[in-house]
Each structure stands twice: as C-alpha cells, then as structure tokens.
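S.K.: Sharing a model prediction with you, sequence too.
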Amino acid sequence: MVTKLINLSLGLILCWGTINALALQPDVTFLTPRLAGTLRLGVEVNGESKWLSDFSSVNKKEKANQTEYTLKDAFIGKGKISWIIKELTDSEGAVMKWSSDNMPDGAKLIWAYGGASNGVVQHTPEKNMLLPEYCDQNVFSIEGHSFTLYYGTSRSLRILEVETPPGDKLRLCDANQQKYPLQFLNSGKNNKSHALGSSVPLQSNDELYFCVYYLSPKADYNYFMLPQLFEEGYFRVNEETEWMKSTPD
Amino acid sequence: MVKSNEYIILFSLICLLSFQGLLAATYNIRDYGAVGDGKAIDSPAINAAIDEASKNGGGTIYVPTGTYACYSIRLKSNITLYLESGTTILAAFPTQIDGYDAAEPNPDNPFQDFGHSHWKNSLIWAIGEHDIVIEGHGLIHGEGLTREESRLTGVGNKAIAFKECHNITLKDISMLHCGHFALLATGVDNLHVQNVKVDTNRDGFDIDCCRNVRITDCSVNCPWDDAIVLKSSYGLGYFKDTENVTISGCFVSGYDKGSALAATWETYEDVAPDHGTNTGRIKLGTESSGGFKNIAITNCIFERSRGLAIEAVDGGHLEDVVISNITMRNVGNSPFFFRLGARQRSPKGTPIGKMQRILVQNVNVYDADSQFSNIISGVPGHSIQSLTFSNINIWFKGGHPVEDGLITPPKNERTYPEPWMFGTIPVSGFYIRHAKDVIFDNVRFYFEHPDGRPLFKLDDAEKIYIDRIYVNGDLVADPFSGLDKRKELRE
C-alpha cells in the first residue's frame, strides 16, 4: 500500500503503517500517491453547523495503521465524538468509523468529499485540501449512499469508490462555499467546482462507517461489510477468476 | 319474442365468456401478495404471478398503481407485463441477505465487458423465451442498480435483459437510472421498442446480435454513455450479426441524468465519467465481433451528444447502412466518426473486419466542436469502402491554427475507438485515411471562427470524389487546400 492519509491541520500522515502527528484536524486527505480527494466532516445542530476541524477539543491516539480522535466542543454540549481511521489491507484507501454519544437532539453528521485533482502534493498540507481548484472535472456517479468518483484525464482516468453511511440523498455542492457545513450542503450544483455532500441524522450510540478505496477483486465492498472490514481489515468475497476489466464499451 | 330472448341469452353468454376469458388471462400482482409501498420486496409476488400465468399458457401480469421494490423479475414466454399509469417498478438496493439473481457463468466473458456477458443479474430478465411484452405508462426506476463494476453477488446492473429470445415488445414505458443498460437485448429476433422514454446513467438500448429490430419514436437521454447502440459481441459464445434494424423517429441526448424525464433539461454536468463531453449518441460498436448488416437510421434528433459513431473493430463486417434525415445540435466531438479498426476483442484468429456500402444523406449539424472534425479511418490494408455523404450541413466552432493542419495523427490500430484516439485532427472538415470509393456531394461547412486547417486531407485513400463543397456559403474550388483560409487568417 502506498496510501497516505493526511489528516490536515493534524498533518497526520499514515504511510506504510507509520503515523506522524503534526497538527490538529480530522479531515482526511487521500494521496494515492497523487491527490485523490478530501473527506471533511461537520455537525449540524438546530440549523447551525460546524466543521470538526473547528472544534475546540481534539485528542488523538495512534496505533499501527490507525488513528483515533476524540472530539468535543460546546457546540455539541455534552456530546463526544470518536473518529477512527484505519488503512485498508487490500486497497489504497481507508475504512473509517464514526461514533458519538450524548449528542444534542436532532444533531446530524454532515460530510463533504471532493478535490481529487490527481496532482502531486509537494508539501504536507496544513489547511483544508478540498479546494475548488482541485475539483475540476471530478465526476460523481451516485448510487444510493455509495458513489464513484472519476478523476484525472481521459487517457489517465482514476476511479475511486466511496461508501458512506445511510442518510439524506447525496448531492452535488459547491467547493467554493465551505465556510460552515450547511453553507456547503446547501450551495447547489450550479457551479464548476463540484464536490459531494450529505447529512446523516445521528442517533445515540450510532456507529457510522465510511470507506474510500479502489475497486479490485479483493476490494469490492457494500456498506453492510464495513463493520467487519473495520474490525478485521479485509473482507474478500469475489472469485478472482470472475474478474474482468471493463472498457468504456 | 322467443327468438329475441334466445339472442339475448346468446349475447350474454358470449359477453360472459369473453369477460371470463379476459379475467382468466390477467393476473393482478396484488393477488399474489405484492404490497406496492416502495419498501416491501415485491418481486417474489410478481414472479409467482408470472409462474402461474406461464403454467396456464401465458397472460397479462397487471401491475396496478403503486411503487414496487423489486429484485430480479423473471419473465417467461407469452407474458405481458403491464405497468399501469402511476406505477413504478423500483430496483431495490442489494442487502446482506437479498439481491438480484447471480450473474451466470460465461466462459466467453473475455471477449466483451462483464455487463454484456451476463443477463440474470438484472431487474427484469428472460433467457430463451418468446412472445413477451412490457408495456404501459408506468416507470422502471433502476435506483438500486449499478452502472459501475462491482462483482458482488446480489448486485444488479441492468434494468431489462433478454438473451436468445424472440418476439419481444417494449412499449410506452419510461425508464430512469438503469445501471449499465436500460435494455440489453442479446441474440433477440423480432424486437420492437416503441415510444419508450429512457433517462439513465449509462447506456440506453444495447441491441447486440439481434435480427429484425424496430426502434421507433423513443427518447433516450444518456449523458454518460451511448443512447442507442447496436453491437455484435461474442457474448453468446458464437458469432451473430445484428441485422435488419431500423432506428427511426428517435431523440437522443445528453442532458443531466433525470432531467429529461423531469422535463427540466438541466446542464450542470458537462463532463462524462470518461472525461469526454456528454455522450448520448447513436453508435454501431464498439463490440463488433459479429457484423452489422442492413441498418437504417432515419428521422432522428441528437442534442448535447457526441454525434454518430460507426465502428467495426473486432472483426465483424459492417455493411449496407443508410443514415438519413438527421439533425444534431451541440456536438461534443466528431459529428461523424467512422472507424474500421483492429482491436480484435474476439476469439483468436478472427480476421480484421470490413466496413462498406454506407450512405449518409440529409444531415444537419449545428455547434460541433472542431478539434476532431470528422474522421473516416480504416487500418492499413483494410480500407473503408463505398461511402457516400450527400446533402450535409455542418456548423463547426472552428478556431484552429494553420499549424494544426500539419499534424500527422497516430495510427493506433488497436486502440479503443473514440475520436480523441488520434488527438487533434489536421483538417477542419473530413480526415480520410485508409478508405476508397468515398463520395462527398453538396457538403456545406460553416465556421464560427476561422479555421486554418484544410477542409479535407487524404492518407492512403483512393477514388475519393468531392463535389459541391461550400464554406460559409461560398463554393470551394480546392477543398484540399487550406491556403485561402490561411490567407484570411493572416489578414
């Protein structure tokens, strides 16, 4: 695996199982090794919203191939969020688990994904990497709560798969509008910097999963597989002999 | 008076028998347990109704108004599936314990894509059956189908699939978000698709190895792939031509998915997943192991599409084709892309195919991108032959410099055929390579911006006759020369 999961302001780099904590923010940027996009998370409570990167309290624990955050903020009262990122065994990418307790009534998770420029990132980013200029020609194929992101160029096309937790419909948004999560989520698709977003109502003791990966005979996932994938690091069901690479036919 | 009563009794008996006959042939899926709330899985009830009708020799499966979440529906001979107005057959998402029928093994999968090689992993399918109708003004919504490449058991990727069937009719239905194909018909004889509206996220109709096909009065919006496609793959495990086909009175387009059926005609997404422009075209190919014969495409409209692609790249013979009375607006690449190639995705030893006897007439094109102009290209030793373009108007964006006219496109004989396979084309009109016996008569070009490339360029081409060529309304004396326009550009 050559995946680098860079937690931005945290500057966290997961690379070949090595974790270097440098800064303070739980957004996840995927470098495979070129820029494959950034997952941002936020919370909505009673019509107000806040990115996790703006939370006042972020604690981090590191293990091999795994990073765990515990987040608190007055915005969510006595609530507590756990956000764990694990590298995948069978693909570049990661499986991630969100769990939260004591969240305010009506709280929602808001997520954003985009900014797959397929460019080389020369430095360890220290700020939000879901930038409009990285969203050019990102095409999102939405299928329920999964999506496939086509990025790169016609002659060097990259195809990324993403599983997200069931919630509201996934929608195209404007990467130029990210001041707070709701602004992004309600920004609409009339723009040239498409990113994807959705919201998920939070129940007490919820465990929600995300998975970002490249499809292969070994790595072919449905959402219901993610708990086991998260615990065991792999979930293989396909017969490789059945695998055929398809063309645009 | 007695005689009159006898007539009344006789008439009543006839009415009763006729009514009972109608009832006997109609199977309401609600009677078999279908719920229609969009949540309960109703395909077992629908399949039970089909099974009973089939045991009785056939009949109509009546789907009353409601939303029926379904996995695979298995059609059988002599069955009409009737979707009442306001009805939706909703493709459910597969779960850990339930999903679509598994893709059947196919040892010939290497010769075409996974999607073309399996039929059972579909929302509605039939194999080896006959006399089937799907009709009514209801909707087939393939929400839970995938257009992508997952191979998980339980995943479905086609809305409707027929293999080796005959006498098949689709009529009046609408289809939304249908996975890899709205319709995959492989080895089907006597197929009639009439007044069907499709708005989907990959291919619309794929007509593969089929004989005697009528596609009439359909609207097919496919921003991310081809709309109406004729193919001749090796998916059946043997060669079979697609032949005797008419495509008439159809509208193909590339508006944002879902916005055609909703009649909002949105254009927020102008890039397809392959990072070309919106697709939405009529095409012959790419799968072309078998051949294409006796094809007529007429009275069709293209909008926001990639134009017309005629491809034979896997060994089949493509011949006897008439394309007439077409108008296209907003064409993202070559309005005409004719490619005889040597991809040879066919059993070993399959020779290179042929492309011949094609007539294109009465075609109007407006607002076409100029980078790839129009391409007619065979491969060395295998020319496209007997091709006629007559009464053609093409309004190009133009704007290419003189230097682009000096480019020599690569051969790329085995490359997947798309107009961009050759890079920028060194002409503003038609690039003709490895072709012979080609006639252009009364072809009118218009350029929004001056284009410094010559109109025509020939490479390994013979018997090319060009007559009555116009640019911006002026008759062109030498269509192979770019000098006049170069002069204009310098001035």
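M.R.: Happy to help now that I have it.

S.K.: immediately after the longest strand along chain A, which helix or strand?
M.R.: When chain A is parsed with DSSP state E, its longest strand is strand A:35-45. Downstream of strand A:35-45, the first helix or strand assigned by DSSP states H and E is strand A:48-51.

S.K.: Quick test: name the residue nearest the centre of chain A.
M.R.: residue A:39 (3.3 Å; C-alpha atoms, centre = their mean).

S.K.: Look at the closest residue to it other than its chain neighbours and say how many residues are nearby.
M.R.: Leaving aside its sequence neighbours, residue A:39 sits nearest to residue A:28 (C-beta to C-beta, 6 or more residues apart in numbering or on different chains; 4.6 Å). To be clear about C-beta, it is placed using only N, CA and C from the backbone, and glycine gets the same treatment. By other C-beta atoms under 10 Å in any protein chain shown, the residues close to residue A:28 number 26.

S.K.: Residue A:197 is in contact with the residue nearest to the centre of chain A, correct?
M.R.: No. In terms of C-beta atoms under 8 Å, residue A:39 does not count as a neighbour of residue A:197; the distance is 10.6 Å.

S.K.: any shared contact partners between the two?
M.R.: A:111, A:112, A:113 (C-beta atoms under 8 Å, 6 or more residues apart in numbering or on different chains).

S.K.: Go through the residues you listed and flag which are in helices.
M.R.: Within the shared contacts of residue A:39 and residue A:197, no residue falls in helices by DSSP state H.

S.K.: could you dump those to a markdown table with pLDDT, distance to chain B and neighbour count?
M.R.: Putting the shared contacts of residue A:39 and residue A:197 into a markdown table (pLDDT from 0 to 100; distance: C-beta to the nearest C-beta, whole Å; neighbours: other C-beta atoms under 10 Å in any protein chain shown) gives the following:
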| residue | pLDDT | distance to chain B | neighbour count |
| --- | --- | --- | --- |
| A:111 | 98 | 19 | 25 |
| A:112 | 98 | 18 | 25 |
| A:113 | 98 | 16 | 27 |
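
S.K.: and those residues as a markdown table, adding distance to residue A:98?
M.R.: Shown next, in a markdown table, are the shared contacts of residue A:39 and residue A:197 (distance: C-beta to C-beta, whole Å):
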| residue | distance to residue A:98 |
| --- | --- |
| A:111 | 9 |
| A:112 | 14 |
| A:113 | 14 |
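
S.K.: which one of those is nearest residue B:349?
M.R.: residue A:113 (47.2 Å; C-beta to C-beta).

S.K.: what sits against that closest one?
M.R.: Counting by C-beta under 8 Å, 6+ apart, residue A:113 has contacts A:37, A:38, A:39, A:40, A:130, A:147, A:149, A:162, A:164, A:195, A:196, A:197.

S.K.: picking up where we left off before, local confidence estimate at the residue nearest to the centre of chain A?
M.R.: We have a pLDDT of 96 for residue A:39.

S.K.: ok, now residue B:336?
M.R.: Predicted confidence (pLDDT) for residue B:336: 98.

S.K.: next one: residue A:234
M.R.: 85.

S.K.: Excluding chain neighbours, give the residue nearest to it in space.
M.R.: The spatial neighbour of residue A:234 that comes closest, neighbours along the chain excluded (C-beta to C-beta, 6+ apart), is residue A:89 at 4.5 Å.

S.K.: mind listing which of the shared contacts of residue A:39 and residue A:197 are in strands?
M.R.: Those of the shared contacts of residue A:39 and residue A:197 lying in strands (DSSP E): A:111, A:112, A:113.

S.K.: so what's residue A:214 closest to, chain neighbours aside?
M.R.: Nearest non-adjacent residue to residue A:214 (C-beta to C-beta, 6+ apart): residue A:91, at 5.1 Å.

S.K.: List the contacts of the one you found.
M.R.: Applying C-beta under 8 Å, 6+ apart, the residues contacting residue A:91 are A:1, A:213, A:214, A:215, A:216, A:218, A:219.

S.K.: Dump these into a markdown table; add distance to residue B:25 and pLDDT as well.
M.R.: A markdown table is the format used below for the contacts of residue A:91 (distance: C-beta to C-beta, whole Å; pLDDT from 0 to 100):
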| residue | distance to residue B:25 | pLDDT |
| --- | --- | --- |
| A:1 | 60 | 37 |
| A:213 | 51 | 97 |
| A:214 | 51 | 96 |
| A:215 | 46 | 94 |
| A:216 | 50 | 91 |
| A:218 | 51 | 91 |
| A:219 | 50 | 94 |
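
S.K.: need those in JSON lines with distance to residue B:477, secondary structure and neighbour count, can you?
M.R.: Shown next, in JSON lines, are those (distance: C-beta to C-beta, whole Å; DSSP: H, G, I helix; E, B strand; the rest coil; neighbours: other C-beta atoms under 10 Å in any protein chain shown):
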{"residue": "A:1", "distance to residue B:477": "64", "secondary structure": "coil", "neighbour count": "16"}
{"residue": "A:213", "distance to residue B:477": "61", "secondary structure": "strand", "neighbour count": "24"}
{"residue": "A:214", "distance to residue B:477": "56", "secondary structure": "coil", "neighbour count": "17"}
{"residue": "A:215", "distance to residue B:477": "56", "secondary structure": "coil", "neighbour count": "19"}
{"residue": "A:216", "distance to residue B:477": "59", "secondary structure": "coil", "neighbour count": "17"}
{"residue": "A:218", "distance to residue B:477": "64", "secondary structure": "coil", "neighbour count": "17"}
{"residue": "A:219", "distance to residue B:477": "62", "secondary structure": "coil", "neighbour count": "21"}
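
S.K.: between those, which is nearest chain B?
M.R.: residue A:215 (5.8 Å; C-beta to the nearest C-beta).

S.K.: Compute the distance between the closest one and residue B:425, please.
M.R.: Distance, residue A:215 to residue B:425, using C-beta to C-beta, to the nearest Å: 34 Å.

S.K.: Up against chain B, what does chain A have?
M.R.: A:137, A:139, A:141, A:143-144, A:148, A:150, A:152-154, A:157, A:159, A:161, A:172, A:189-190, A:194, A:215, A:217, A:220, A:222, A:224, A:237-238, A:242-244, A:246-249 (C-beta under 8 Å from any C-beta of the partner chain).

S.K.: Which members of these are positioned in strands?
M.R.: Going by DSSP E, the strands hold A:139, A:141, A:143, A:148, A:150, A:152, A:153, A:157, A:159, A:161, A:172, A:194 from these.

S.K.: of those residues, buried ones?
M.R.: A:139, A:141, A:143, A:148, A:150, A:152, A:159, A:161, A:172, A:194 (16 or more other C-beta atoms under 10 Å in any protein chain shown).

S.K.: Now the fourth one. Nearest residue, chain neighbours left out?
M.R.: What that stands for is residue A:148. residue A:141 (4.3 Å).

S.K.: The third one too?
M.R.: The shortest distance from residue A:143 to any residue that is not its chain neighbour, by C-beta to C-beta, 6+ apart, is 5.6 Å, and that residue is residue B:146.

S.K.: Look up how far residue B:221 lies from the residue nearest to the spatial centre of chain B.
M.R.: Residue closest to the mean C-alpha point of chain B, counted by C-alpha atoms, centre = their mean, is residue B:228 at 1.5 Å. Noted for residue B:228: a distance of 11 Å to residue B:221, by C-beta to C-beta.

S.K.: Same question for residue A:225.
M.R.: 33 Å.

S.K.: Name the residue in these two with the higher neighbour count.
M.R.: residue B:221 (28 against 20).

S.K.: Torsion angles phi and psi at the closest residue to the more buried one other than its chain neighbours?
M.R.: The shortest distance from residue B:221 to any non-neighbouring residue, by C-beta to C-beta, 6+ apart, is to residue B:260 (3.6 Å). Main-chain torsions, residue B:260, degrees, to the nearest 10: phi -80, psi -50.
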